[in-house]
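Colleague: Structural data only, the sequence is not supplied:
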């Protein structure tokens, strides 16, 4: 079993780190939130007081951080200079493609193998160990990373070279963000037309409009018991995180000269929803704003 440094024990990182512990790995973790570090220790991991303290004996370093600037900072100031020679570096954050490729290039120049491996599946998938990992990196780095990703996820997809994991993630989430808005608008319109949500679901979930935002995450209470709509939109994936990812998608589109118009309009809606104080709610809670129009 490997000695793993895990930096970033938030809503996703902590359950991911716990699954590595459950798989028998020796995991030392750090987060700015002390209670998260304590929770990892309570689950059988080891607590560190700083990112640097996780590194001295690490064979694998995994990061799960909020933004590209955080990733650039911790790799530049700590990991690339403090990790043992030969350590495998895995960044599971969702960040911009340019940052992912820049950090990987710096790591490679310093002699490390690295993959970018953002995830899909939300906190439920993190806790259950059923996440999808979209992995960018060369074949050798992917082969080294896969056993550790297998301990945290169910679907591990090698998407190509460095940064391609991030490219896959933001394209996936742009589809999700747009499709959720479409589902919200359709079910809201149905109610105003006098059509029962369950009856519409019975049709749409088995016909040409079928999509994950509807069948697994329906934003209307009732037809899908596991959806956040039945928990007052308690977040599995927050509206603020969706706005962040939709922004990343727009940045990527602009960098390639691509005009992603539906993505841009959906982003405006999520930003408005967050500006109204709903950022901590699940992103499917945008139904409330749409239905109120």
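Modeller: Thanks, I have it. Please read all numbers here as calculations on a predicted model, not as lab measurements.
Colleague: shaky segments in this protein?
Modeller: Applying pLDDT under 70 to the chain flags the ranges 293.
Colleague: quick one, longest helix in it?
Modeller: helix 164-192 (DSSP state H).
Colleague: Quick check: the gap between residue 133 and residue 271.
Modeller: 28 Å (C-beta to C-beta, to the nearest Å). Bear in mind the C-beta positions are built from the backbone N, C-alpha and C, glycine included.
Colleague: residue boundaries of the strands in the protein?
Modeller: Along the chain, the segments classed as strands by DSSP state E run 3-7, 26-30, 46-47, 60-63, 88-91, 113-116, 119-120, 131-136, 153-160.
Colleague: Name the nearest residue to residue 190, ignoring sequence neighbours.
Modeller: residue 200 (4.7 Å; C-beta to C-beta, 6 or more residues apart in numbering).
Colleague: which ones are touching the one you found?
Modeller: Contact partners of residue 200, counting by C-beta atoms under 8 Å, 6 or more residues apart in numbering, are 186-187, 190.
Colleague: most neighbours, which of these?
Modeller: residue 187 (23 neighbours; other C-beta atoms under 10 Å).
Colleague: Wait, that residue touches residue 219, no?
Modeller: Yes: the criterion here is C-beta atoms under 8 Å, and residue 187 meets it with residue 219 at 6.9 Å.
Colleague: what do those two both touch?
Modeller: Overlap between the contact sets of residue 187 and residue 219, as judged by C-beta under 8 Å, 6+ apart, is given by residue 287.
Colleague: Make CSV from the strands of the chain and add distance to residue 215 to it.
Modeller: Formatted as CSV, these follow (distance: least, C-beta to C-beta, whole Å):
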stretch, distance to residue 215
strand 3-7, 33
strand 26-30, 35
strand 46-47, 41
strand 60-63, 31
strand 88-91, 31
strand 113-116, 29
strand 119-120, 16
strand 131-136, 16
strand 153-160, 17
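Colleague: So for residue 241, which of the ones you listed sits nearest?
Modeller: strand 119-120 (11.7 Å; C-beta to C-beta).
Colleague: How about residues contacting the closest one?
Modeller: With C-beta under 8 Å, 6+ apart, strand 119-120 has contacts from 12, 16, 92, 94, 125-126, 131-134, 153, 169, 172-173.
Colleague: more neighbours, residue 133 and residue 271?
Modeller: residue 133 (29 against 17).
Colleague: wouldn't residue 188 be in contact with residue 287 here?
Modeller: Yes: under the contact definition of C-beta under 8 Å, residue 188 touches residue 287, with a separation of 6.8 Å.
Colleague: Count the residues that sit near residue 106.
Modeller: 16.
Colleague: what do you get for residue 154?
Modeller: 14.
Colleague: Could you break the chain into its assigned domains?
Modeller: 3-161, 167-292 (automatic domain parsing).
Colleague: how long is the first one end to end?
Modeller: I take that to be domain 3-161. Chord length of domain 3-161, first to last residue, is 26 Å (C-alpha to C-alpha, to the nearest Å).
Colleague: now do the last one
Modeller: Across domain 167-292, the terminal residues are separated by 34 Å (C-alpha to C-alpha).
Colleague: Against residue 200, how distant is the residue of the chain positioned farthest from its centre?
Modeller: Note on the chain: the largest C-alpha distance from the chain mean falls to residue 194, namely 37.0 Å (C-alpha atoms, centre = their mean). With distances taken as C-beta to C-beta, residue 194 is found 11 Å from residue 200.
Colleague: Which of residue 188 and residue 287 has more residues huddled nearby?
Modeller: The residue with more neighbours, out of residue 188 and residue 287, is residue 287; 24 against 20, by other C-beta under 10 Å.
Colleague: Show the contacting residues for that one.
Modeller: 184, 187-188, 219-220, 229.
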